[in-house]
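# no FASTA, just this:
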């Protein structure tokens, strides 16, 4: 089943003469277990699209379906519930709460979604173990590096076992090596648990290591392809360079 | 815990805001304890004077500072239809000639104890120790709790009454009395009384008369006023009018007039307490509003994130209101404790037991008021936070 499906998504800002079309009739389907990159220049509409897919923003027209539920028919409260159970978020600036420890940050979504805290705690411990931060559970964000913070943020996005994680430039604030490690972690989660990932990025090399690259320009999809078919060559030569 | 950590992020600001509430609740507590003391004091007066009729010489004004009457008048009052009992009242100052400073409460007094009519009074006094003087008592006294503690007297001790003033005239006389009882604390007039037999009271009254009068009257016929009690179900105001009309030369004050004057005395304190509360509301409330608005705008991104991960409007609302409520509670507890401390300090320096009375009711009012203040002041900032658009909030700088 499609995790996220958009139908004729339009989003305009402003009124009258100065109206700007951020999204112009987007029809996309993100399948369960896909790892997708959205690329495009700034102003191409990629962030707006991510906001619409994440139910953070209502489109001017068109619909977003999340795991088969049409979100356009829901009120804000129902959208918040759908969001907390089906969608995880990661951000460029990590957005961890400075007053909470790593563990508390990971468990934060449970405060709003309910759910079994004991099980979630065990899951959170598992995530911390997996990303090598088991001993940092009680540390505050200010005591951690950017890469560590983003790993905590990824763990937070997964704590409610969503079907899809949306990332807005999640590797934008870390160095290449850390970016590769974070991507590796996300790919592993994706492969092991079947969680879909949709990440917006500038970095074409990172994009090349995903399953599907959607290119936007002026609010329209201008290409939608699998890099593994014809970009494999370039990607394989690029890897040692990126790792260096 | 998270609430405290959030508040501690801006230590100085939180401390200043909480201090505002502290001051308000401090003022509320001290003013309130003064008012509570007076409510009890006046409450006693209302019970006593509301349930009895004070009959005085018609040339005196009201129930206080009455001119003298004789025991004949008492007999006439007892004859009036509707009077179930009437007793003589003979009072003299315990500290004659002492400078009357502006003081809350009742000055120490010496009064006869009338065993025959006390049972009819709606205001009950009880003994902590010892006994009441009987009609046959001579030079025996039962002291009110404040009177006893002021002069550090216990049952069995002796005390010279009236108390000799420092500038006593040559003809000042007093007598040695044995303390035979101490009353329970009432927090109102009887605490400042010294109760002796009618005979002894009349003797002291006679000695306090101007020298020129002393030889001309028999002090054992004199009384200062009559206290009359109505038969159950009798309208005391109407009975007072009847006494005034039927007994020549007397004026019976309507109990409702006395009660009204006590109540108007209490109103000023209620007003002062309300003013203190209002001050707390304005100072504390506005600074909480300001602090919370700043806190909300500083944490815009945090609010955006919480919304993104599933927080509903009411979650955000309650988180911020909880924070301001904690500030209110914190300020309330500290302010209240400071107020209690001050009243204890001031009361301990006062031999008559002090002016301030912290009651459970006042405690409850102060704390609930502080919490409500914090919660109320948090509403507007919290609404601002809760209504934020998640996308705008997340991208805020």
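Noted; the coordinates are in hand. Predicted model only: the values in this text are computed from it and were never measured.
# and the strands in chain A?
A:2-13, A:20-31, A:35-39, A:61-66, A:69-70, A:87-91, A:164-168, A:196-200, A:212-217, A:220-225 (DSSP state E).
# now the third one: buried residues?
The one in question is strand A:35-39. A:35, A:36, A:37, A:38, A:39 (16 or more other CB atoms under 10 Å in any protein chain shown). To be clear about C-beta, it is placed using only N, CA and C from the backbone, and glycine gets the same treatment.
# roughly how far apart are the second one and residue A:214?
What it means is residue A:36. 6 Å (CB to CB, to the nearest Å).
# again, but for the third one
When distances are taken as CB to CB, residue A:37 and residue A:214 turn out to be 7 Å apart.
# need the residue closest to the centroid of chain A.
Residue closest to the average C-alpha location in chain A (CA atoms, centre = their mean): residue A:166, at 1.8 Å.
# in this structure that residue contacts residue A:49, no?
No. Taking contacts as CB atoms under 8 Å, residue A:166 lies outside contact range of residue A:49: 9.9 Å.
# contact partners for the residue of the stretch 151-300 of chain B found nearest chain A?
Relative to chain A, the nearest point of the stretch 151-300 of chain B is residue B:299 (8.9 Å; CB to the nearest CB). Contacts for residue B:299 (CB atoms under 8 Å, 6 or more residues apart in numbering or on different chains) come out as residue B:385.
# with residue B:211 instead?
Residue B:211 neighbours (CB under 8 Å, 6+ apart): residue B:171.
# ok, which stretches of chain B are helices?
B:2-8, B:11-50, B:71-79, B:145-150, B:198-208, B:211-214, B:236-246, B:255-298, B:300-308, B:313-348, B:360-386, B:390-395 (DSSP state H).
# got those as a markdown table, with mean pLDDT columns?
A markdown table is the format used below for the helices of chain B (pLDDT from 0 to 100):
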| stretch | mean pLDDT |
| --- | --- |
| helix B:2-8 | 83 |
| helix B:11-50 | 87 |
| helix B:71-79 | 89 |
| helix B:145-150 | 88 |
| helix B:198-208 | 89 |
| helix B:211-214 | 76 |
| helix B:236-246 | 91 |
| helix B:255-298 | 85 |
| helix B:300-308 | 90 |
| helix B:313-348 | 92 |
| helix B:360-386 | 91 |
| helix B:390-395 | 86 |
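# and residue A:210, which of these is closest to it?
Closest of the helices of chain B to residue A:210 is helix B:300-308, at 22.4 Å (criterion: CB to CB).
# go through the closest one and flag the buried ones.
For helix B:300-308, by 16+ other CB under 10 Å, it's B:300, B:301, B:302, B:303, B:304, B:305, B:306, B:307, B:308.
# do the same with stretch B:283-301
Under 16+ other CB under 10 Å, the buried positions of stretch B:283-301 are B:283-285, B:287-292, B:295-296, B:299-301.
# try stretch A:24-43
Buried-residue list, stretch A:24-43, by 16+ other CB under 10 Å: A:24, A:26, A:28, A:30, A:33, A:34, A:35, A:36, A:37, A:38, A:39, A:40.
# which residue packs closest to residue B:296, ignoring adjacent ones?
The spatial neighbour of residue B:296 that comes closest, neighbours along the chain excluded (CB to CB, 6 or more residues apart in numbering or on different chains), is residue B:385 at 4.5 Å.
# the residue of chain B found nearest chain A: how many residues sit nearby?
For chain B, the residue positioned closest to chain A under CB to the nearest CB is residue B:310, at a distance of 2.4 Å. By the criterion of other CB atoms under 10 Å in any protein chain shown, residue B:310 has 25 neighbours.
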